[in-house]
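> Quick check, what structure comes out for this input:
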Amino acid sequence: MRHFNRAIFAPGRARQLALRGFTLIELMIVVAIVAIIAAVGYPSYISHITKTKRVAAEACLSEYANYMERYYSTNLRYDQDSAGDKNTLPTLSCASDLSADYKFSFAATPGQSTYQVNAVPQGSQASRDTECNTISLNQAGTKTISGTGTVASCW
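Sure thing, here's the model as predicted:
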């Protein structure tokens, strides 16, 4: 006859095996804690993403301003080149990267000595960034916004 280890079949051991799992109450408490953390963290995450995209658009506006200054250095005016061709805003790689979130354009036709480049939020960025909304940069380096916030908080 085989001998079995009595410790395996002892009543105390069976009780220890039963205590190794989680109860439904414990699991529900963990799920509730995770839900609370997610509810607090998600809006903060969305706010961070919105600000990050705005900062990228501001950097792109700076690239457009650099383009305009190079254009002016070559042609001594912002609106047209020496052949009389109108200056059209090129599509820079930064604008392509942000095309789902911002549309870049001149505020109006550039003048001989003036221009203003705008970054208009598109899609979800437009609904999330009402504080700053359209951000702009002109030939004097003046930064403006069309939202409810301040220029200092948006730039």
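> Now do the contacts for S124.
S124 is in contact with D101, counting by CB atoms under 8 Å, 6 or more residues apart in numbering. Every residue, glycine included, has its C-beta placed from N, CA and C.
> And it, how far from I49?
9 Å (CB to CB, to the nearest Å).
> so after the longest helix seen in the chain, what's the next helix or strand?
Among the segments of the chain that qualify as a helix by DSSP state H, the longest is helix 24-75. Heading C-terminal from helix 24-75, the first helix or strand you meet, by DSSP states H and E, is helix 93-97.
> tell me how far that next one is from the chain's mean position?
14 Å (CA atoms, centre = their mean, to the nearest Å).
> what's the following helix or strand past that helix packed up against?
Per DSSP H and E, the first helix or strand lying C-terminal to helix 93-97 is strand 102-106. Packing partners of strand 102-106 (3 or more CB pairs under 8 Å, 6 or more residues apart in numbering; DSSP states H and E): helix 24-75, strand 116-121.
> Now do the buried residues in the shortest one.
Meaning strand 116-121. Residues Q116, V117, N118, A119, V120, P121 are the ones in strand 116-121 that count as buried (16 or more other CB atoms under 10 Å).
> Let's test this: mean pLDDT of it, rounded?
Average pLDDT, strand 116-121: 96.
> Could you list the low-pLDDT ranges of the protein?
Under the criterion pLDDT under 70, the flagged ranges of the chain are 1-19.
> rewinding a little: could you redo the buried residues of strand 116-121 as CSV and give each row distance to Y78?
CSV is the format used below for these (distance: CB to CB, whole Å):
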residue, distance to Y78
Q116, 10
V117, 11
N118, 15
A119, 18
V120, 20
P121, 25
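> T142: which of these is nearest?
Using CB to CB, Q116 comes nearest to T142 of these, at 8.5 Å.
> what about the closest one, distance to C94?
In this structure, Q116 and C94 are 18 Å apart, going by CB to CB.
> Check Y78 too.
Using CB to CB, Y78 is found at 20 Å from C94.
> ok, now A57?
Taking CB to CB as the measure, A57 falls 8 Å from C94.
> And these two? Which one has more around it.
Using other CB atoms under 10 Å as the criterion, A57 and C94 rank with A57 on top: 26 against 18.
> hang on, that one packs against L98?
Yes - using CB atoms under 8 Å, A57 is in contact with L98, at 5.9 Å.
> Now for these two: what residues contact both?
In contact with both A57 and L98: F104, A119, using CB under 8 Å, 6+ apart.
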